[in-house]
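Peer 1: No letters, just coordinates:
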């Protein structure tokens with residue numbers, strides 16, 4: 001089997017950030033809204049100025065800004081991310097999405113690791129943690 005055929009791109013899901021008890025919490029959009037956001041993102045058109053209604057039209061996502069705004073009431077705008085890679089910190093009970101730019105770096109590094117079969121690459125995350133990509137076939141618990 002060709003090593004390149006082992007790579008399968010991840011399907012992104014869209015999330016928005018809410019501040020709950022003074023802490024950032026990333027909440028996934030429902031599948032329909034996430035798919036609409038992804039289709040708008042992949043439409044080939046400039047994302048600036050693109051507005052995608054979500055949550056039954058109660059919120060608008062300004063795609064270029066990556067912000068979510070309430071339509072009918074006053075509420076703080078929330079950050080939106082197209083998410084593919086996540087981490088779980090020591091004090092986190094949920095997975096947190098990496099930034100889109102760092103997720104792109106992780107994905108590019110992962111593609112190279114899979115296609116060239118070169119593992120144990122080290123990356124430094126934005127929060128200064130070291131990430132090591134391991135071959136999924138390797139037994140780490142020998």
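Peer 2: On my side now, so go ahead. The model shown is predicted, which means the values in this text are computed figures rather than measured ones.
Peer 1: Show me what the mean pLDDT comes to for the longest helix along the chain.
Peer 2: Assignment by DSSP state H gives helix 100-116 as the longest helix of the chain. Helix 100-116 comes out with an average pLDDT of 90.
Peer 1: Could you find the closest non-adjacent residue to the residue positioned nearest the centre of the chain?
Peer 2: Centroid-nearest residue in the chain: residue 83, 1.1 Å away (criterion: Cα atoms, centre = their mean). If you skip the residues right next to it in sequence, residue 83 has residue 97 as its closest partner in space, 3.8 Å away by Cβ to Cβ, 6 or more residues apart in numbering. Any C-beta I mention is one placed from the backbone N, CA and C, and that applies to glycine too.
Peer 1: residues contacting that neighbour?
Peer 2: 15, 26, 81, 83, 84, 85, 86, 103 (Cβ atoms under 8 Å, 6 or more residues apart in numbering).
Peer 1: returning to that earlier point: quick one, what contacts the residue nearest to the centre of the chain?
Peer 2: Contacts of residue 83 were listed using Cβ under 8 Å, 6+ apart, and they are 12, 13, 14, 15, 26, 97, 98, 100, 103.
Peer 1: can you list these in CSV and add secondary structure and distance to residue 135?
Peer 2: Shown next, in CSV, are these (DSSP: H, G, I helix; E, B strand; the rest coil; distance: Cβ to Cβ, whole Å):
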residue, secondary structure, distance to residue 135
12, coil, 24
13, strand, 25
14, strand, 30
15, strand, 29
26, strand, 29
97, strand, 24
98, coil, 21
100, helix, 26
103, helix, 21
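Peer 1: domain ranges for the protein?
Peer 2: What the TED database lists as the domains of the chain is 10-83, 85-141.
Peer 1: Burial-wise, tell me which of those comes out on top.
Peer 2: Mean neighbour count (mean count of other Cβ atoms under 10 Å) peaks for domain 10-83 among these, with a mean of 14.
Peer 1: Any idea how far apart the tips of that domain sit?
Peer 2: Domain 10-83 has an end-to-end distance of 10 Å (criterion: Cα to Cα, to the nearest Å).
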